[in-house]
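Student: Sequence and predicted structure below; questions after.
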Amino acid sequence: MENLIPQASARDLAFILWKRRWSILLIITGTLIGTLAWLLFVREDLYPVTARVLVKIGREQAPPPTVLGASPLVVGYRSSEVNSEMEVFTSAELVTQVIDELKLDQPGPPAPPPEKFVPLVKYRLKTAMSGVKDTYENILIAAGLRERYTLRERVFAMLQKGIAVKAAKDSNVFVAALLTPYREGSRVLLNTWIDKYLVYRQQLYANGEFDFFRGVVNQSLGELRGAEDRLQQFENAESISLLSKQQEQLIEQMTRTRAALRDAELQRNESSVKVQKLETEFKKDDPNFGALGDFPRDSFQHNVLADLAELQREREKLRMTEYDTGDKVKNNRNQFGVLAAMLGENLRSGLAEREAVVAARQIELTELEQELSTRHGKTKDWISLKRRVTDLEGNYLTYQKKLNETRANVDMQREQIGNVAILERPVDPIESVGVRKTMVLGIALLMGIFAALAWIAVTEYFDHNVYTEEDVRRHLGVPVLAVIPARKG
């Protein structure tokens, strides 16, 4: 079976390459020249400035000291602390401080043009390219396609984009890399960044406990002095040294008063019973005052009862000889009634006197109890004042101890003594970052070759001209009789 696809020999390929040699040369040369121009005049070389920072957990990440507990112990290493420090290192506030410190938002004087020819040409071309870029950007801004940013905003965005912080694997070290378009002096920028970071992180972790404890110490000292003054005034006014002896005397007097009150109540109750019995006998037609009970010998009541008993005997004797309506019997009854009334009034007055004595004893006992209660209250107030002084003294000593501890922390912060150690300070870089220029030129050469080959393939596909004997035989199908060479010159 005949092969319909024409077969090309090496001679044919060489002829095609020779035929299109100027196109190939033009494409490759244009690619190399364009790449070289881009490398020299358009591309900005970026130089990496690096620094290494060691992070270990320290007093900053530890909880602040409490009022009651001791200072917390801080041991061990944790990757979370490294991540926190990385976030602090790349914070927007820190970037702003670096810009303000180095005055990056203020335009500096233009760099002087170089004296040598090649660097001068390069300088002029770069200046022209920069003007073209500015013109293009102004056109976009005027058309409303782009926002106009201030120099500070552009520098801020450049620093945020140029800084890269990465934690080293399985360690508490993070590497800070800053890309800058300047090779000389770029270390100053990152060194300033690190210095600001060391100060800024101390401010972040500072929780103001020193000012707090200092205020609390002054307040507790004032309260302690006030409580001591009140205690001294109370002791002077109430004679606290004699208070216990006064309480003992009051207790003894109350004991005697209670005994006297009990005796007076017994006598009152006895008199009340006798008066009740007397009233009962008075209601009878023939009272018998013997039911009143016994009275002390030779007392008024005892003598009256004896007289009443004598009158009672005489009346009984008279009844044997006279009637009850007789004068003698009437006289006897009158005398009996008078003595009975005297006895009743005497018992009632005695009951009233005993009730008055009981009331007086009760009032006296109440007054003594109130005075003792007052003394007890003063004792409680005195003990409360002493306890208050003791508590305030303990609080003052505790706060004073915490103040001393926080003062040490403040001194450490002032000296920037923390848990961050700079393992490697940044130095000016030697080489730029990215693909080397020779590598870019090699890649451009390969791309130019591929572009030339692609161009040859396309042009040969659409080119139907006759160049060789084979082309004549292929197109006409007849043999070639003779070939006349082309005339040169």
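Tutor: Good, I have the coordinates.
Student: So what touches stretch 146-163?
Tutor: 46, 90, 92, 95-96, 98-99, 104-107, 137, 140-141, 176-180, 193 (CB atoms under 8 Å, 6 or more residues apart in numbering). C-beta here means a position set from N, CA and C on the backbone, and glycine is covered the same way.
Student: Which parts of the chain are strands?
Tutor: For the chain, the strands defined by DSSP state E occupy 47-55, 163-167, 173-180, 420-424.
Student: how does the protein divide up, domain by domain?
Tutor: 10-206+419-462, 233-408 (automatic domain parsing).
Student: leaving aside the residues next to it on the chain, what's closest to Leu224?
Tutor: Leu392 (4.2 Å; CB to CB, 6 or more residues apart in numbering).
Student: Local confidence estimate at the one you found?
Tutor: We have a pLDDT of 83 for Leu392.
Student: What is the burial count for it?
Tutor: For Leu392, the neighbour count with other CB atoms under 10 Å is 19.
Student: How about Asp100?
Tutor: 12.
Student: and it, what pLDDT?
Tutor: 89.
Student: returning to what we had before: wait, doesn't the residue nearest to Leu224 sit right on Val217?
Tutor: No. Contact status for Leu392 versus Val217: not in contact, 11.9 Å apart, counting by CB atoms under 8 Å.
Student: okay, and the common contacts of these two?
Tutor: In contact with both Leu392 and Val217: no residue, using CB under 8 Å, 6+ apart.
Student: Quick one: the helices in the stretch 51-200 of the chain, in order.
Tutor: 79-89, 92-102, 117-142, 151-162, 186-205 (DSSP state H, counting those that start in this stretch).
Student: Switch the ones you listed over to TSV; also include distance to Leu347.
Tutor: Formatted as TSV, the helices of the stretch 51-200 of the chain follow (distance: least, CB to CB, whole Å):
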stretch	distance to Leu347
helix 79-89	100
helix 92-102	104
helix 117-142	126
helix 151-162	114
helix 186-205	95
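Student: Which of those helices sits closest to Arg348?
Tutor: When these are compared by CB to CB, helix 186-205 sits nearest Arg348, at 93.8 Å.
Student: which outside residues touch the closest one?
Tutor: 47, 49-51, 53, 60-61, 85, 88-89, 91, 93-94, 97-98, 101-102, 163, 176, 178, 180, 413, 416, 418, 420, 422, 425-429.
Student: now swap in stretch 431-441 and tell me
Tutor: Applying CB under 8 Å, 6+ apart, the contact partners of stretch 431-441 are Leu32, Thr35, Leu36, Leu39, Asp45, Leu46, Tyr47, Pro48, Leu179, Arg183, Ile443.
Student: count of neighbours near the last one?
Tutor: Just to be clear, that refers to Ile443. Neighbour tally, Ile443, other CB under 10 Å: 12.
Student: Next: the fourth one.
Tutor: Neighbour count of Leu39, defined by other CB under 10 Å: 15.
Student: From Glu44, how far off is the spatially closest residue to it that is not a sequence neighbour?
Tutor: Spatial nearest neighbour of Leu39, excluding adjacent residues (CB to CB, 6+ apart): Lys437 at 5.3 Å. As defined by CB to CB, to the nearest Å, Lys437 lies at a distance of 13 Å from Glu44.
Student: Who has more neighbours out of the two?
Tutor: Between Lys437 and Glu44, counted using other CB under 10 Å, Lys437 has the larger neighbour count: 15 against 8.
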